[in-house]
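Peer 1: From the sequence below, what's the structure:
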Amino acid sequence: MRSFLAALAVILGLLLSAAAVPAIWVDRNIVQENGFVALAAPLGKDPDFQKRLATAAVNSIDAGGTVPPQVAGLVRPVLESAATSLTGLPEYPAAWEETLRKSHRLNFTDPASLPPEADFSTSLTLDVAPLVALAAKQVSRQVGVPLEAPGQTLVNIGQANQRQLVEQVTAYSPLGYSLAVGAGVAFLLALVAARRRWKVLAGIGVGALVVAGLWALVSRWAADLVIATASGNEMADLFKREFVAASAAGFASWTLATAIAGGVLVAAGVLIRVAGGRARRR
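Peer 2: Have a look, this model is predicted:
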């Protein structure tokens with residue numbers, strides 16, 4: 001009976017862990033602002049994405065109302081030049097980080113607090129206002145004409161109903177911590193109930209290896225599925241492709257750590273079994 005209860009506890013713990021770890025990863029790296037910024041920051045170094053994003057930011061500058069007509073013709077070439085040189089400015093990394101933070105707040109906040117121009121019911125958006133402000137500052141220095149950057153510049157990067165998915169992820173990902181606690185309790189109960197604890201350790205280790213393999217397969221399948229869905233927006237598809245690749249690489253490190261832990265537990269169980277067998281022979 002004790003062995004049966006221990007086996008049930010191990011299975012329960014593995015099932016809870018299989019759901020808990022991905023949920024915790026999503027909460028820490030996507031739902032939480034600092035994690036999202038750290039995960040998406042390398043996207044700002046992608047040459048194609050840099051070029052498209054800088055162009056979108058510069059094109060959003062409304063110079064018509066602030067630039068005198070006699071110098072408007074001078075400003076346009078400078079704007080075009082700024083689109084290519086923006087990413088080389090020393091202030092660009094900080095502006096890109098602030099873009100990510102503003103975008104995260106825009107997409108992961110209460111819809112009631114979003115601006116009217118954001119279609120919060122259907123789409124995801126980037127707020128590139130920090131990049132626009134950087135471009136406006138650069139142009140102003142070059143032509144000597146002050147340009148006022150807008151406080152918010154939204155670029156649609158999503159598809160219909162994706163914000164609903166964001167709301168669901170935001171609501172359910174924190175549950176991963178509770179599931180992890182439950183998994184830990186289940187494993188402890190298995191160790192207490194088991195007659196041969198080495199079997200519990202080995203069983204948890206084998207289960208962890210299996211779960212890690214399933215995570216790898218599901219992660220690859222999900223990434224391929226998301227990337228294969230085209231939005232018709234080149235910049236949005238580029239952002240999606242790079243962000244999905246970064247997410248898959250980030251979760252892969254957790255998968256590898258789980259596999260290593262599983263291997264260690266299997267080895268520990270075997271060593272305890274061998275050591276116990278030798279002790280009984282003496």
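
Peer 1: so where do the strands sit in the stretch 1-150 of the chain?
Peer 2: If DSSP state E, counting those that start in this stretch is used as the criterion, the strands of the stretch 1-150 of the chain fall at 125-127.

Peer 1: Now do the helices in it.
Peer 2: For the stretch 1-150 of the chain, applying DSSP state H, counting those that start in this stretch gives helices covering 2-26, 33-40, 47-59, 69-85, 92-107, 129-143.

Peer 1: how big is the angle separating the longest helix anywhere in the chain from helix 33-40?
Peer 2: Secondary structure assigned by DSSP state H gives helix 234-281 as the longest helix of the chain. Taking axes from the mean of the first three to the mean of the last three CA atoms, to 10 degrees, one finds that helix 234-281 is oriented at 100 degrees with respect to helix 33-40.

Peer 1: any idea of the angle helix 234-281 forms with helix 2-26?
Peer 2: Orientation of helix 234-281 against helix 2-26 (the same axes, to 10 degrees) gives an angle of 150 degrees.

Peer 1: Go through the helices of the stretch 1-150 of the chain and find the least confident stretch.
Peer 2: For the helices of the stretch 1-150 of the chain, mean pLDDT drops lowest on helix 69-85, to a mean of 62.

Peer 1: if we can go back for a sec, need the helices of the stretch 1-150 of the chain in TSV with mean neighbour count and distance to residue 212, can you?
Peer 2: In this view, the C-beta of every residue, glycine as well, is placed from N, C-alpha and C. TSV is the format used below for the helices of the stretch 1-150 of the chain (neighbours: other CB atoms under 10 Å; distance: least, CB to CB, whole Å):
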stretch	mean neighbour count	distance to residue 212
helix 2-26	18	9
helix 33-40	17	21
helix 47-59	18	31
helix 69-85	14	44
helix 92-107	19	29
helix 129-143	21	39
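
Peer 1: Which one of the ones you listed lies nearest to residue 251?
Peer 2: Put simply, out of the helices of the stretch 1-150 of the chain the one that sits nearest residue 251 is helix 2-26, at 5.5 Å, with distance taken as CB to CB.

Peer 1: Figure out how far the strand or helix carrying residue 206 is from the centre of its chain.
Peer 2: Residue 206 is part of helix 197-228 when elements are defined by DSSP states H and E. For helix 197-228, the distance from its own C-alpha centre to the chain's C-alpha centre is 19 Å (CA atoms, centre = their mean, to the nearest Å).

Peer 1: Contact partners for residue 92?
Peer 2: Contacts for residue 92 were tallied using CB atoms under 8 Å, 6 or more residues apart in numbering; they are 44, 86, 131, 134.

Peer 1: Distance check, residue 139 against residue 262.
Peer 2: Shown here: residue 139 relative to residue 262, a distance of 56 Å by CB to CB, to the nearest Å.

Peer 1: One more: residue 275?
Peer 2: Computed with CB to CB, the distance linking residue 275 and residue 262 is 20 Å.

Peer 1: Compare the two (neighbour count), which wins?
Peer 2: Residue environment comparison for residue 275 versus residue 262 gives the larger neighbour count to residue 262, 21 against 11, counting by other CB atoms under 10 Å.

Peer 1: Kindly give the local confidence score, pLDDT, for the nearest residue to the more buried one once chain neighbours are set aside.
Peer 2: Sequence neighbours aside, residue 208 is the residue nearest to residue 262 in space, at 3.0 Å (criterion: CB to CB, 6 or more residues apart in numbering). Reading off the per-residue confidence, residue 208 sits at a pLDDT of 96.

Peer 1: Residue 208 against residue 259, yeah?
Peer 2: Yes. Applying CB atoms under 8 Å, one finds residue 208 in contact with residue 259, separated by 7.1 Å.

Peer 1: For the two, indicate the residue with more neighbours.
Peer 2: When residue 208 and residue 259 are compared for neighbours, residue 208 comes out ahead with 24 against 19, by other CB under 10 Å.
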